[in-house]
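Chemist: The amino acid sequence is not available; the structure is as follows:
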């Protein structure tokens, strides 16, 4: 099974390759506020920090229900998904940092990489949010 984030990255790469000339011509016509570019890294960092903080609620919902969740026979699958999601958080954050740190946000390629990996980071964060809701809902059904 392919993750939504991987599909997003693949689709983004395909679109960039197909429409590179169009994007480059229109990107050069846009002027960016230097202050906004300087603070651009705050967006992916904020999403990553939120995911780290709130993601713990996926495997430790609260003191009352965590024990039931950890005793669940398929808990290991949830833990593997959690670990992959945390790894993805680092994986998607790194290109955003590299582009921002090297000053490549003023190029069409750099901006494209930044926006694409920030989008993947948002999808990853949403999957943690959704998992947290689903787990809480399931634990309520178990009458814990």
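Modeler: Happy to help now that I have it. Just so you know, these numbers come straight off a predicted model, no measurement behind them.
Chemist: So for the longest helix anywhere in the chain, mean pLDDT?
Modeler: The residue-count maximum for a helix in the chain (DSSP state H) belongs to helix 108-141. Average pLDDT, helix 108-141: 93.
Chemist: Could you name the helices and strands sitting against it?
Modeler: helix 4-18, helix 20-28, helix 42-59, helix 63-71, helix 75-102 (3 or more CB pairs under 8 Å, 6 or more residues apart in numbering; DSSP states H and E). In this view, the C-beta of every residue, glycine as well, is placed from N, C-alpha and C.
Chemist: Look up how far residue 59 lies from the residue nearest in space to the middle of the chain.
Modeler: A centroid search over the chain (CA atoms, centre = their mean) returns residue 121, at 1.6 Å, as the residue closest to the centre. Counting by CB to CB, to the nearest Å, the gap from residue 121 to residue 59 is 20 Å.
Chemist: coming back round to it: comparing the helices and strands packed on helix 108-141, which yields the minimum mean pLDDT?
Modeler: Mean pLDDT across those is lowest at helix 20-28; the value there is a mean of 82.
Chemist: Could you list the residues in contact with stretch 122-135?
Modeler: With CB atoms under 8 Å, 6 or more residues apart in numbering as the test, stretch 122-135 has contacts from 4-5, 8, 47-48, 50-51, 54-55, 57-58, 61, 69, 78, 81, 85, 88-89, 92.
Chemist: ok so, going back, enumerate every residue touching the residue nearest to the residue nearest to the centre of the chain when sequence neighbours are not counted.
Modeler: Sequence neighbours aside, residue 92 is the residue nearest to residue 121 in space, at 4.2 Å (criterion: CB to CB, 6 or more residues apart in numbering). Neighbouring residues of residue 92 by CB under 8 Å, 6+ apart: 5, 44, 48, 117-118, 120-121, 124.
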